[in-house]
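Undergrad: Next input, structure requested:
(chains A and B)
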Amino acid sequence: MRTGDPQAPGPSAETLVRAMAGTIPTRGRGAARFRDVGLLLAVVLLAAVTAVRSPHFATAANLQRIMLDISLLLIVATGQTMVVLTRNIDLSVGSVLGLSGIAVGFLLKDHPAMPVTGILLLGTGLGLILGAVNGALVAWGRVPAVIATLGTLTVYRGLVFIHSGGQQVNPQDIPLQLVAIARPGALGVPVMVVMAFVIAALGWLLLRYTRTGRAMYAIGSNPDAARMRGVQAGRIVFLTYLISGALAGLAGVLYAARFATVNPASAGVAFELQAVAATVIGGTSILGGRGGVPGTFLGALLLGTIANALAVSGVSGFWQRAIEGAIILAAVAVDSLIRQHSFKEGARRV
Amino acid sequence: MSRERLRELAVQSGPELLLVALFAASLAFSAWLSPYFLRVTTLFDMTSQFMELGLMALAMTLVIIMGQIDLSVASILALVGVVFGLLSENGVSLALAIPAALALAAVLGMINGWLAVAFRLPALVVTLGTMALYRGIGQILLGDRSAYGFPAWFVSIDFRYIPGTPVPLPLVIFAAFAVGFFLLLHRTTFGRLVYAVGNNAEACRFSGIAVDRLQVAVFTLSGLMSGMAGLMMTSRFASARWDMASGLELDVITTVVLGGTSIFGGRGTITGTVLALFVIGTLRYGMGLANVLPQNQSVVIGLLLILAILGPETGRAWQARRRRAAVRKGGELQASKAEVSAR
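TA: Alright, predicted model coming up:
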């Protein structure tokens, strides 16, 4: 997607300079670690201030609500992180979520006795197919990621309307066994939250300890070099879209479980902004090659806390979109400053 | 004219010819849907529905040729409409509110350009952020209501015509801007520089061209045109809302890309954009006549966008593959010969 931007300092030059300077480490750099601590601090500070200002914040029920909101975001953002790491983007996740939620909801209307595992797999499978379309367009069709997924964002949302005929899925259509996964289970933790953490952990392991995961970083930091080293760039990029689509599809089912209503005009609308925001706030570079799931978790935590803090403090929900936009801008600006800083530092040591 | 000359001409203006054919097809489609369509007045009135899109597409052509993209155009349109509506509601005279709204539009565009340049970020990322931010500010300012109560002379621009003709005012305004942008892009140094930066920004930088300043200027222009579109839409609907023109950036980008502008920068024309605008406009209008829901119309536009990029790209990949095969078989010279004869 960034083929059209010749102005950003090419990672190839950066990598070269740093390789000469012998400062190639990709993690644990001061500035980046400072950001993680800063993020955590921001969450704690925000929580403290809100808790003092509103008695409704630090209650068990509300904390659980935050965890449920974050779960949905964390699942989708984990996929997004992989896509962004390869220097691409997936803007269609909100529509995939909506389509999966609607499709599953209408299916349940006719077959209320379906087992939960089956429902979850169906939603995930649908997301997988939608993700495959994105992946094929970007990896092999050579359509820039932002354009391809902007197109599918619209097409998939249109399919939501066509499939639903504009009708929403109502609470009485969602069977109790599905709703149960968003309710407190063993030890008071909803199954959905557990699922989100397991998925994030798996994503972290994949990125950090497998050849495929390292290949994602390699493609993002220098596509040409990665290709020359024998990385099957097309296949890996396709895989990231598969994962992102599948997770968004799964999130669609969980959305239905969480809210027990799926409205074609609102389910997952603008959710891609939250997913991208969580990813870039967490320190995954929008130019690829740097970042990871732990940062994304912190990003999701911050976003979820902000949204909840706004709600319990009685600030109008109208503020949310502007705040998300401002946060994305601030996050990418900070990332850019860190990048330029480390670039200069590397150059100085040559 | 010899056959060869004819063929050469067809190859040269292939994309434009294709667009004209598409335009004819969408006209025929609409005419088939409604017997009222092929009247002079209907045809002229129809254009008022997509002139805002046209105004934004003109500036977007420059942005994309420069190798960038502006996702925030529809959000600038909405925020400018909202601010203009609030000014008017609070009794500010329109003689003041209109220049203020346009100035705001230019500033919003300039912020896009400046952020991208100052932080060395792709405009794509910056405008993804401002797309949410600008519309969000509109939402904060106006909430879930409409601003209205504009003076009578300002509203219903689409029902004003050049006296004695069926030509509506929005079409006239668009035509004037189209000519202006044609001259700017194809007849001035500024325009040449836009192409140059799109082809190789690095080389431009080393040649002493103020690439950053050029980029800020083009984004400011894009903001300004979105502001114009915002005023036009506000006049047409006699009201402004925070969610007006939501998703319209997709149509704008589709128009430009369908018009033959390369999404990778460096190539494109204003003529192509204007032709594509009429194709998309007629298509949307025709689907409206056929009672296709707006969301379902967007499916068609989204598919069109993907196909408009996928088509030339696969064509190019196919040509490259054939060339490689020819090189393998008969060497470089043979390949060039085959290429010439293929034309």
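Undergrad: Only C-alpha atoms from now on, for both contacts and neighbour counts.
TA: Fine.
Undergrad: and the residue lying closest to B:Leu128 once chain neighbours are set aside, helix, strand or coil?
TA: Closest residue to B:Leu128 apart from its sequence neighbours, by Cα to Cα, 6 or more residues apart in numbering or on different chains: B:Leu71 at 5.9 Å. What DSSP: H, G, I helix; E, B strand; the rest coil gives for B:Leu71 is coil.
Undergrad: Tell me how many other residues crowd B:Leu71.
TA: Counted with other Cα atoms under 10 Å in any protein chain shown, the neighbours of B:Leu71 add up to 26.
Undergrad: What does it show for phi and psi?
TA: Main-chain dihedrals, B:Leu71, degrees, to the nearest 10: phi -80, psi -10.
Undergrad: what pLDDT does it get?
TA: B:Leu71 carries a pLDDT value of 92.
Undergrad: pretty sure A:Leu273 is in contact with A:Ala326, am I right?
TA: No - using Cα atoms under 8 Å, A:Leu273 is not in contact with A:Ala326, being 11.2 Å away.
Undergrad: Need the residues that contact stretch A:217-227.
TA: A:11-12, A:84-87, A:215, A:231, A:233, A:287-290 (Cα atoms under 8 Å, 6 or more residues apart in numbering or on different chains).
Undergrad: the helices in chain A, which residues?
TA: Using DSSP state H, the helices found in chain A span residues A:11-21, A:30-53, A:60-85, A:93-110, A:116-135, A:145-164, A:176-179, A:191-209, A:211-221, A:223-228, A:233-259, A:271-281, A:293-312, A:319-349.
Undergrad: The stretch 1-150 of chain B too?
TA: Here the stretch 1-150 of chain B has its helices, by DSSP state H, counting those that start in this stretch, at B:3-12, B:14-33, B:40-47, B:51-65, B:73-89, B:94-118, B:123-142.
Undergrad: Next, format these as a markdown table and append mean neighbour count.
TA: Below are the helices of the stretch 1-150 of chain B laid out as a markdown table (neighbours: other Cα atoms under 10 Å in any protein chain shown):
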| stretch | mean neighbour count |
| --- | --- |
| helix B:3-12 | 11 |
| helix B:14-33 | 17 |
| helix B:40-47 | 16 |
| helix B:51-65 | 29 |
| helix B:73-89 | 28 |
| helix B:94-118 | 20 |
| helix B:123-142 | 24 |
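Undergrad: comparing the ones you listed, which gets the lowest mean pLDDT score?
TA: Mean pLDDT is lowest for helix B:3-12 out of the helices of the stretch 1-150 of chain B, coming in at a mean of 68.
Undergrad: So which of the helices of chain A is nearest B:Gly330?
TA: helix A:223-228 (27.4 Å; Cα to Cα).
Undergrad: Buried residues, that closest one. List them.
TA: Across helix A:223-228, burial judged by 16 or more other Cα atoms under 10 Å in any protein chain shown covers A:Pro223, A:Ala226.
Undergrad: again, but for stretch B:188-205
TA: Across stretch B:188-205, burial judged by 16+ other Cα under 10 Å covers B:Gly191, B:Leu193, B:Val194, B:Tyr195, B:Ala196, B:Val197, B:Gly198, B:Asn199, B:Asn200, B:Ala201, B:Cys204.
Undergrad: give me the number of residues near residue 211?
TA: Reading this off chain A. The burial count for A:Arg211: 11, using other Cα under 10 Å.
Undergrad: ah, no, chain B please
TA: 22.
Undergrad: What of A:Gln167?
TA: Neighbour tally, A:Gln167, other Cα under 10 Å: 16.
Undergrad: now the one 5 residues further on
TA: A:Gln172 sits with 11 neighbouring residues when counted by other Cα under 10 Å.
Undergrad: Alongside chain B, which residues does the stretch 251-350 of chain A contribute?
TA: The stretch 251-350 of chain A has residues A:273, A:286, A:318-329, A:332-333, A:336-337 near chain B, with proximity defined as Cα under 8 Å from any Cα of the partner chain.
Undergrad: Counting by contacts, list what the helix ranked longest in chain B packs against.
TA: Among the segments of chain B that qualify as a helix by DSSP H, the longest is helix B:294-342. Here helix B:294-342 touches helix A:145-164, helix B:248-258, helix B:270-289, going by 3 or more Cα pairs under 8 Å, 6 or more residues apart in numbering or on different chains; DSSP states H and E.
Undergrad: by how many degrees do it and helix A:145-164 diverge?
TA: 130 degrees (axes from the mean of the first three to the mean of the last three Cα atoms, to 10 degrees).
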